[in-house]
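this one's sequence-less:
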């Protein structure tokens with residue numbers, strides 16, 4: 001499961017990179033580590049507002065759900081949703097079908113199991129440029145958005161090479177496919193074609209401090225590389 005991401009991009013970084021504006025610019029706070037287990041917010045671009053960045057609670061809920069987020073997540077964790085479940089009628093989606101969004105991050109984290117020990121890796125673009133993850137979202141009756149990151153097998157080579165605990169990796173949507181991804185009329189075959197192209201990226205990765213696994217660790221130095229003598233050469 002991918003339950004932590006990073007978004008250290010500034011407002012200007014996001015607006016210049018993706019040609020969008022922030023709906024609530026004063027609420028945007030760059031964060032080295034966003035922990036989805038703590039009911040955090042993610043920056044999203046939605047089908048309904050393709051030229052604007054909104055905030056969504058990480059962990060998708062049914063659109064008519066009125067209970068606590070934590071209670072629902074204990075029963076059905078929706079921080080990630082596998083791509084092969086997109087047609088699953090049990091997903092907590094809006095009544096009118098799938099709603100797709102793009103989730104803005106500057107990186108995400110994977111784990112490598114080596115000789116019985118776990119090592120965290122930070123996956124990112126050069127210069128920590130922001131990029132887009134494919135996601136789904138719902139709009140609750142009170143107007144709040146909730147979202148999930150889509151993950152799949154064989155769609156992201158760098159994650160598979162390092163993250164040897166699971167074959168799944170986040171779906172990365174290149175900037176030149178942004179409009180297509182947010183097109184509500186996109187067919188399933190069109191979507192499959194898009195996903196086939198999404199394993200090509202300039203992502204890089206390196207190991208970081210094991211303090212990453214602590215629940216409340218969130219400081220900028222967490223994103224700095226760490227050398228472990230027992231590990232193979234970093235990616």
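That came through, no problem. Fair warning: this is a prediction, and the values are worked out from it, not measured in the lab.

Would you map the helices across the chain?
Along the chain, counting by DSSP state H, helices occupy 11-18, 69-75, 157-162, 178-181, 188-196.

For the first one, which residues meet the burial criterion?
Neighbour-count burial for helix 11-18, counted by 16 or more other Cβ atoms under 10 Å, picks out 13-14, 18. Backbone N, C-alpha and C define where each C-beta goes, glycine included.

Is it possible to get TSV of the residues you listed that adds distance to residue 118 and pLDDT?
Below are these laid out as TSV (distance: Cβ to Cβ, whole Å; pLDDT from 0 to 100):
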residue	distance to residue 118	pLDDT
13	31	98
14	32	98
18	34	97
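
can I get the residues you listed in JSON lines with distance to residue 4?
Output for these, formatted as JSON lines (distance: Cβ to Cβ, whole Å):
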{"residue": "13", "distance to residue 4": "20"}
{"residue": "14", "distance to residue 4": "20"}
{"residue": "18", "distance to residue 4": "22"}
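
Which member of these is positioned nearest residue 217?
Among the buried residues of helix 11-18, residue 13 lies closest to residue 217 (Cβ to Cβ), at 23.5 Å.

Touching, that closest one and residue 131? I think so.
No - the criterion here is Cβ atoms under 8 Å, and residue 13 misses it with residue 131 at 11.2 Å.

ok, now how distant is the nearest residue to residue 217 once chain neighbours are set aside from residue 224?
Distance criterion Cβ to Cβ, 6 or more residues apart in numbering; nearest residue to residue 217, sequence neighbours excluded, is residue 211 at 5.0 Å. Remark: distance between residue 211 and residue 224 (Cβ to Cβ, to the nearest Å) = 11 Å.

Likewise for residue 130?
As judged by Cβ to Cβ, residue 130 and residue 224 stand 19 Å apart.

out of those two, which sits in the more crowded spot?
A side-by-side neighbour count of residue 130 and residue 224, using other Cβ atoms under 10 Å, places residue 130 first with 22 against 11.
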